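With the input below, show me the fold.
(chains A, B, C and D)
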Protein chains: 2
Amino acid sequence: MDAKQKIFVAVDAVVFGYIESKLQVLLIKQKYGVMKGKWVLPGGFVKDEEGLTDAVKRELKEETGITVSYHEQLYTFGDDVKRDPRLHVVSVAYLTLVNPSKHTLKADTDAEDAQWFDVNKLPKLGYDHNKIIKVGLERLKGKLTYEPIGFDLLDKEFPFSDLENLYGTILGKEIDRRNFRKKMLSFDLLQETEKMRKEGSGRPAKLFTFNKQKYKRLAKEGFHFEIKYV
Amino acid sequence: MDAKQKIFVAVDAVVFGYIESKLQVLLIKQKYGVMKGKWVLPGGFVKDEEGLTDAVKRELKEETGITVSYHEQLYTFGDDVKRDPRLHVVSVAYLTLVNPSKHTLKADTDAEDAQWFDVNKLPKLGYDHNKIIKVGLERLKGKLTYEPIGFDLLDKEFPFSDLENLYGTILGKEIDRRNFRKKMLSFDLLQETEKMRKEGSGRPAKLFTFNKQKYKRLAKEGFHFEIKYV
DNA sequence: ACAAAAGTGTTCGCTTTACACCCATGT
DNA sequence: ACATGGGTGTAAAGCGAACACTTTTGT
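Numbering: from 1, shown residues only, chains lettered A, B, ... in the order given. I've put the predicted structure just below:
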């Protein structure tokens, strides 16, 4: 019962957004501390008597003003005792997805600035945050094929092509539009709306919505979403 | 920079073994503290300047004298601030698999006793450890179908029937022996040995070994182990 | 000879994959 | 009329699921 333990507990969030057909991560520029001026993941120390999930949500709100559409625990980083140069900090990382079109970023409290970065063009971040993002990206790639979380990155109503692009971009694969559409529709989880989106030239696209309630119900009954190799 | 944070970091291990065709969990009986006399998962506080993985391995060695054959981080429990009644403790849980036939359990240090329990006949444990085991079991079930970790629960050389039973027992499903064998062998990751095992009556069984090196190599090249619905 | 566990193939249906042309709109 | 992106079907191959009898040993 080591009541004088000198280890600190932090939370960090890998927040992904899908903007202009690119997968982006939300970073903040540190205002204070050793990492001052460096870009890092939103996050910070957990408060006494505060749960982990509450802590991430608080930090996200404080630092970026974002509301999440999907959230899960990612991994706890604590094998490298020097991942924070000053203190022994164990960080519980979260994977969160947002629909960025809904939000305007606002830097706040500890953050000098908050910005979206293309996940393939990241600067060198503070701490081990490049590694954390890598782990987050792997998880996202993995889950995309067996859980319908891609929808959490899109608008509520979206054209099929957005969904195709999202899968193609994130997984880095060419996808067969016909097969992809057929498979997606076979789950009977997409609802066609009356609306159309016309953008630039080309034929206008029907907009769809994802029926999350139905998915959750089916999932409980043993249904398994799976969109293989895309 | 909250240098007076009063949160403690612990690690706990869900150690599974497969004994007499039953999935078992390793528990220890607490010698000291509020949970004295209760069965709990092996684990304890992380030491200052100690990495998480090192901490679990140390605790396992101290408390049970076991050597692991598979080990991965499971989940970090820290949403419930009162999961430890006295202190705010965040616990990083690990999933570890061992081949119990190699080991003799020995209780040590904090442990009054160490014992295997049938995963379906658990007593009421201290803290939230029943829940942690539940999460561990879910993970094990999930991984069994898409990573070849079942082998880590078996002897190095095993008859096919052990593998069949393991999958059947853990997943709680009847498996078709012919299809299962065909699929397993199709990966070309099992090596037939010269040896046979005869036990009681019945035809003696060829013993196989799993070629882990080959699996790791193939996995890097994109190979995907998958044994669906068994 | 019988009981007990090991070992072995084939058929059917469904899912996956590969693949190319027409449609609706803007310029 | 042409450029741009949206929308659609079919055939072949591969995989998963169902299914029962023979072999080798111990008693």
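
Can you classify residue A:71 by secondary structure?
The three-state label given to residue A:71 by DSSP: H, G, I helix; E, B strand; the rest coil is strand.

Can you pull out the low-pLDDT segments for chain A?
A:1-3, A:102-103, A:229-230 (pLDDT under 70).

buried stuff in the longest helix along it?
Among the segments of chain A that qualify as a helix by DSSP state H, the longest is helix A:129-146. Counting neighbours by 16 or more other CB atoms under 10 Å in any protein chain shown, one finds that the buried residues in helix A:129-146 are A:129, A:132-133, A:135-137, A:139-140, A:143-144. (C-beta placed from N, C-alpha, C; glycine too.)

OK, now which residue of chain A is nearest to DNA strand C?
residue A:203 (3.3 Å; CB to the nearest atom of the strand).

Please report the distance of that residue from chain B.
If you measure residue A:203 against chain B using CB to the nearest CB, to the nearest Å, the figure is 36 Å.

now swap in residue A:125 and tell me
Where chain B is concerned, residue A:125 sits at a distance of 19 Å (CB to the nearest CB).

what about residue A:16, which helix or strand?
Mapping residue A:16 onto the secondary structure by DSSP states H and E places it in strand A:8-19.

So what's the gap between that strand and the chain middle?
Relative to the centre of its chain, strand A:8-19 is centred 7 Å away, using CA atoms, centre = their mean, to the nearest Å.

try stretch A:61-75
8 Å.

Repeat that for stretch A:133-146.
9 Å.

how about stretch A:151-166: buried residues?
A:151-155, A:158-160, A:162-166.

so which of the residues you listed are also by DNA strand D?
A:159-160 (CB under 7 Å from any atom of the strand).

Throw the buried residues of stretch A:151-166 into JSON lines and include distance to residue B:35, thanks.
Output for the buried residues of stretch A:151-166, formatted as JSON lines (distance: CB to CB, whole Å):
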{"residue": "A:151", "distance to residue B:35": "43"}
{"residue": "A:152", "distance to residue B:35": "40"}
{"residue": "A:153", "distance to residue B:35": "43"}
{"residue": "A:154", "distance to residue B:35": "47"}
{"residue": "A:155", "distance to residue B:35": "50"}
{"residue": "A:158", "distance to residue B:35": "51"}
{"residue": "A:159", "distance to residue B:35": "56"}
{"residue": "A:160", "distance to residue B:35": "55"}
{"residue": "A:162", "distance to residue B:35": "52"}
{"residue": "A:163", "distance to residue B:35": "50"}
{"residue": "A:164", "distance to residue B:35": "53"}
{"residue": "A:165", "distance to residue B:35": "53"}
{"residue": "A:166", "distance to residue B:35": "48"}
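
okay if I get the buried residues of stretch A:151-166 as TSV plus secondary structure?
Converted to TSV, the buried residues of stretch A:151-166 look like this (three-state DSSP):
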residue	secondary structure
A:151	helix
A:152	helix
A:153	helix
A:154	coil
A:155	coil
A:158	strand
A:159	strand
A:160	helix
A:162	helix
A:163	helix
A:164	helix
A:165	helix
A:166	helix
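
Tell me the residues of chain A that contact chain B?
Within chain A, the residues that sit near chain B (CB under 8 Å from any CB of the partner chain) are A:1-3, A:5-9, A:32-33, A:45-54, A:73, A:75-76, A:78-81, A:87-88, A:90, A:92.

Show me where chain A has its helices.
A:52-64, A:129-146, A:160-171, A:177-186, A:212-220.

Can you redo those helices as a markdown table, where the extra columns are distance to residue B:124?
Supplementary listing: the helices of chain A in a markdown table, determined by distance: least, CB to CB, whole Å:
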| stretch | distance to residue B:124 |
| --- | --- |
| helix A:52-64 | 25 |
| helix A:129-146 | 33 |
| helix A:160-171 | 44 |
| helix A:177-186 | 45 |
| helix A:212-220 | 27 |
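
Can you pull the residues of chain A lying near DNA strand C?
Counting by CB under 7 Å from any atom of the strand, chain A sits next to DNA strand C at A:176-179, A:182-183, A:196, A:198, A:200-204, A:226, A:228-229.

most surrounded residue in those?
residue A:183 (14 neighbours; other CB atoms under 10 Å in any protein chain shown).

Check the contact between it and residue A:227; I expect there is one.
Yes. Using CB atoms under 8 Å, residue A:183 is in contact with residue A:227, at 5.7 Å.

How is chain A divided into domains?
A:8-129, A:146-220 (automatic domain parsing).

deepest of the ones you listed, which one?
domain A:8-129 (a mean of 19; mean count of other CB atoms under 10 Å in any protein chain shown).

Name every strand pairing with the strand holding residue A:16 and say which way it goes.
The strands that strand A:8-19 pairs with in its sheet are strand A:22-30 (antiparallel), strand A:43-45 (antiparallel), strand A:89-97 (parallel) (by DSSP bridges).

which residues sit against the shortest one?
Around strand A:43-45, the neighbours that count as contacts under CB atoms under 8 Å, 6 or more residues apart in numbering or on different chains are A:8-13, A:55-56, A:59, A:63, A:91, A:93, A:110, B:1-2, B:5.

same thing but at 10 Å, please
Contact partners of strand A:43-45, identified using CB atoms under 10 Å, 6 or more residues apart in numbering or on different chains, comprise A:8-14, A:28, A:55-56, A:58-60, A:62-63, A:87, A:89, A:91-94, A:109-110, A:127, A:129, A:132, B:1-3, B:5, B:7.

of all the residues in chain A, which ones are close to DNA strand D?
So chain A meets DNA strand D at A:159-161, A:177-179, A:181-182, A:200-206 (CB under 7 Å from any atom of the strand).

try 10 Å
Residues of chain A lying close to DNA strand D by CB under 10 Å from any atom of the strand are A:159-165, A:176-182, A:185, A:192, A:196-208.

Residue A:47 is in contact with residue B:4, isn't it?
No. Counting by CB atoms under 10 Å, residue A:47 does not reach residue B:4; the two are 11.0 Å apart.
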